[in-house]
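Participant: Sequence and predicted structure below; questions after.
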Amino acid sequence: MQDDGDDEEGEARSVEAVGFCPPDIPGTAHWCATGGVDGTLKIWNLNVGGGASGAQLRQRCLRDDVKAGITRLQWHNSLPLVIASYTDGVICIWDVRVGKAVGMLTGHEDMINDMDVCFVEGSNVAVVVTGSDDKSVKMFEFNPSP
């Protein structure tokens, strides 16, 4: 798998975050996500043979509104969603099957440096905690629609 991260001018961009999809999410076996400084979330299918070099790019997710880089990402524990934090202080929740944002969480005034997510037992609710260059820690709750 090579995530060259080339932007429109062909300049290489770094990969800042990676994560494997949990194995229990139907239809997503062997998926992996990468997030780059260029703001692109890429979903890879690792089940195409040939080891990591044989990975196939399945989906690209990119915000329309801003050109902010991804700092962290985490898969939802039971849904095909990726939660990604950005350099502009926004958290975006992506449905990676279709490459569309299903939610945005705002409140920071600067780059999010770190993020962690826990899931409310018996539901799909995600609780997201973030630390930012704006010198604050924030907690968000996201309940994806069924």
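Facilitator: Thanks, I have the structure now.

Participant: immediately after the helix or strand of the chain with the lowest mean pLDDT, which helix or strand?
Facilitator: Here the helix or strand of the chain ranked lowest by mean pLDDT, DSSP states H and E is strand 56-61, holding a mean of 91. Using DSSP states H and E, the helix or strand that directly follows strand 56-61 along the chain is strand 70-75.

Participant: so what strands line up beside that following strand?
Facilitator: strand 81-86 (antiparallel) (DSSP bridges).

Participant: Run through the neighbouring helices and strands of the very next helix or strand once past the partner strand.
Facilitator: On the C-terminal side of strand 81-86, the nearest following helix or strand under DSSP H and E is strand 91-95. Other elements packing on strand 91-95 under the criterion 3 or more Cβ pairs under 8 Å, 6 or more residues apart in numbering; DSSP states H and E are strand 81-86, strand 100-105, strand 126-132. C-beta: built from backbone N, CA, C; applies to glycine.

Participant: now the angle between strand 91-95 and the least confident helix or strand of the chain, please.
Facilitator: Orientation check (axes from the mean of the first three to the mean of the last three Cα atoms, to 10 degrees): strand 56-61 against strand 91-95 gives 130 degrees.

Participant: Just the CA atoms of strand 56-61, as CSV, please.
Facilitator: Presented in CSV, the C-alpha positions along strand 56-61 are these (Å, rounded to 0.1, in the frame of the first residue of the first chain):
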residue,chain,number,x,y,z
GLN,A,56,-6.6,-1.2,-3.2
LEU,A,57,-7.9,2.4,-2.6
ARG,A,58,-11.6,2.1,-1.9
GLN,A,59,-12.7,5.6,-1.0
ARG,A,60,-11.5,9.2,-0.7
CYS,A,61,-13.1,11.6,1.8
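
Participant: Give the partner strands of it in its sheet and their orientations.
Facilitator: Next to strand 56-61 in the sheet, as set by DSSP bridges, lie strand 41-45 (antiparallel).

Participant: Not counting the strand it pairs with itself, show me its contacts.
Facilitator: The set of residues that contact strand 41-45 without belonging to it, under Cβ atoms under 8 Å, 6 or more residues apart in numbering, is 1, 3, 30-36, 55-62, 70, 73, 82, 84, 94, 96.

Participant: All good on my end, thank you.
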